[in-house]
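K.L.:
below: sequence and its predicted model.
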Amino acid sequence: MLYDELLKKRPGVFALLDPDREPDLDRLGPAFPHLTAILVGTSYLKSRNLDTFIEQIKSLTSTPVLIFPGGANQVSSRADGILFLSLLSGRNPQYLIGDQVRAVFRIRDSGLEVIPTGYLLIEGGNYTSVEYISNTRPIPRNKPEIAEAHALAAQYLGMKLVYLEAGSGAELPVPVEMVRAVRRSIDIPLIVGGGLKRFEDIQSRFEAGCDFVVIGTLIERDPDSFKGFIEQMKGLR
Ligand code: 1GP
């Protein structure tokens, strides 16, 4: 099971590659073997064929590829698994259960390993795409108990991961205190992403008990410093 394999690699680093942003895969390729997994997802899927994009990644590395879907249109049998997300922090039924139901038969036919994931949007200091598109309000940064309650609800609903998301390009990553509080409240693994720009940001979230971090924007803007991060992170394991 891919899920069990991922857990063996904690603390781990996931890269987020957004096909609509057309990342330079050849330039990023040398860093791929050092990643725990590669997430593929986007808001719209406007510019590329998802199958082809994942095939290109797969031709460069054996690192597992997980779909991190922005909507029901993002299913591809070329990946290894899919984070079956429910945006539990919001009260928009489309992202709580609507898109999930629209995607299930395609997911079943794809043979992808399905990893149920409670997805919590946390205020990140600016207005992010995920907030706009999901039409939901993020959990306030200074209210760790609200994040704890939602994370525990994810666990009680039987989800296998909790993802604390500040939003791609967030000015401020999920607060360390919130990561620590959520970690204390749940037993299932915890992912933290959004706005992680410095090695210290990542290290402090791992120290607070997160199992996996997700890095997106930094990889696209500065692939070389990302490779430097990966080198430093090997020392954390
Ligand atoms: C978004 O958490 C990821 O879902 C990545 O965020 O682009 O800010 O690294 P960044």
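P.N.:
Ah, there it is. This structure is a prediction, so every number in the text was calculated from the model and none was measured.

K.L.:
how far does the worst-scoring helix or strand of the chain on mean pLDDT sit from the chain's center?
P.N.:
Of all helical and strand segments in the chain, the minimum by mean pLDDT, DSSP states H and E falls on helix 223-234, at a mean of 74. Put simply, helix 223-234 sits 18 Å off its chain's centre (Cα atoms, centre = their mean, to the nearest Å).

K.L.:
please identify the buried residues of that helix?
P.N.:
For helix 223-234, the buried set under the neighbour-count rule, 16 or more other Cβ atoms under 10 Å, comprises 223, 226, 229, 230, 233. The C-beta positions use only the backbone N, C-alpha and C, and glycine is treated the same way.

K.L.:
what do you get for stretch 20-36?
P.N.:
23, 28, 31, 32, 34, 35, 36.

K.L.:
check stretch 130-147 too.
P.N.:
The neighbour-count criterion (16+ other Cβ under 10 Å) identifies 130, 131, 134, 136, 138, 139, 141, 144, 146, 147 as the buried residues of stretch 130-147.

K.L.:
which residues of the chain lie near the ligand?
P.N.:
Near the ligand, the residues belonging to the chain are 16, 165, 168-170, 193-196, 214-218 when assessed by Cβ under 6 Å from any ligand atom.

K.L.:
export those residues to JSON lines and tack on secondary structure?
P.N.:
What follows is the residues of the chain next to the ligand, written out as JSON lines (DSSP: H, G, I helix; E, B strand; the rest coil):
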{"residue": "16", "secondary structure": "strand"}
{"residue": "165", "secondary structure": "strand"}
{"residue": "168", "secondary structure": "coil"}
{"residue": "169", "secondary structure": "coil"}
{"residue": "170", "secondary structure": "coil"}
{"residue": "193", "secondary structure": "strand"}
{"residue": "194", "secondary structure": "coil"}
{"residue": "195", "secondary structure": "coil"}
{"residue": "196", "secondary structure": "coil"}
{"residue": "214", "secondary structure": "strand"}
{"residue": "215", "secondary structure": "strand"}
{"residue": "216", "secondary structure": "coil"}
{"residue": "217", "secondary structure": "helix"}
{"residue": "218", "secondary structure": "helix"}
